[in-house]
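S.K.: structure, please.
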Amino acid sequence: MQSMTLEQLRTASEAGGVSSVTLKGQGGTFLVQIATRNGAGAVLAKARSTEPRRFGNPATALSVLRDLGITVGQFDASEWNPAEREPVERSTDNRAQALRKAHEAAAYNEWLAAEIQEAVDDPRPNLSHDEVLALMEADIAAPTAGRKPAAKKRA
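M.R.: Numbering: from 1, shown residues only. Just a heads-up that it's a prediction; the model follows:
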């Protein structure tokens with residue numbers, strides 16, 4: 001059986017090349033089977049793929065077909081088994097997760113901007129590169145028990 005994308009099905013339907021469409025249950029999903037006027041059969045496929053487009057909800061498939069202008073067809077649920085339906089990740093779950101990440105990123109950016117502004121506004125004199133390295137080397141060389149790091153002593 002051949003495959004057809006939505007655009008191919010739309011074109012074939014508009015040209016009168018589709019003789020019938022069947023929404024066929026298979027396992028826990030539904031497929032759209034297409035019979036063409038030249039006798040060839042096809043199944044609705046995902047865009048840029050030959051993999052069949054599977055619908056977990058037959059109402060979604062019917063809506064897609066109606067949007068293509070196909071309003072009459074057949075329905076075959078003889079091989080449909082709702083127990084085999086796989087849990088579908090909802091796009092609203094993905095959207096909520098994306099919004100959460102965006103809020104976390106915005107909060108982090110706000111915190112980082114405040115930290116940078118605090119450093120820019122610090123009235124203490126700047127340290128040269130050599131002074132910073134000397135303080136760091138002193139921190140590394142000194143025993144850490146009971147004393148504050150040299151970088152913290154600066155006031």
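S.K.: my guess is Gly17 contacts Ala40, does it?
M.R.: No. Counting by CB atoms under 8 Å, Gly17 does not reach Ala40; the two are 9.6 Å apart. Where C-beta positions appear, they are placed from N, C-alpha and C, glycine not excepted.
S.K.: against Val32, how distant is Ala42?
M.R.: Distance from Ala42 to Val32, counting by CB to CB, to the nearest Å: 9 Å.
S.K.: could you pull out the helices in the chain for me?
M.R.: Chain-ordered helices for the chain, with DSSP state H as the definition, fall at 6-14, 58-67, 91-121, 129-141, 150-153.
S.K.: can you redo those as JSON lines with mean pLDDT?
M.R.: Shown next, in JSON lines, are those (pLDDT from 0 to 100):
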{"stretch": "helix 6-14", "mean pLDDT": "92"}
{"stretch": "helix 58-67", "mean pLDDT": "93"}
{"stretch": "helix 91-121", "mean pLDDT": "90"}
{"stretch": "helix 129-141", "mean pLDDT": "93"}
{"stretch": "helix 150-153", "mean pLDDT": "55"}
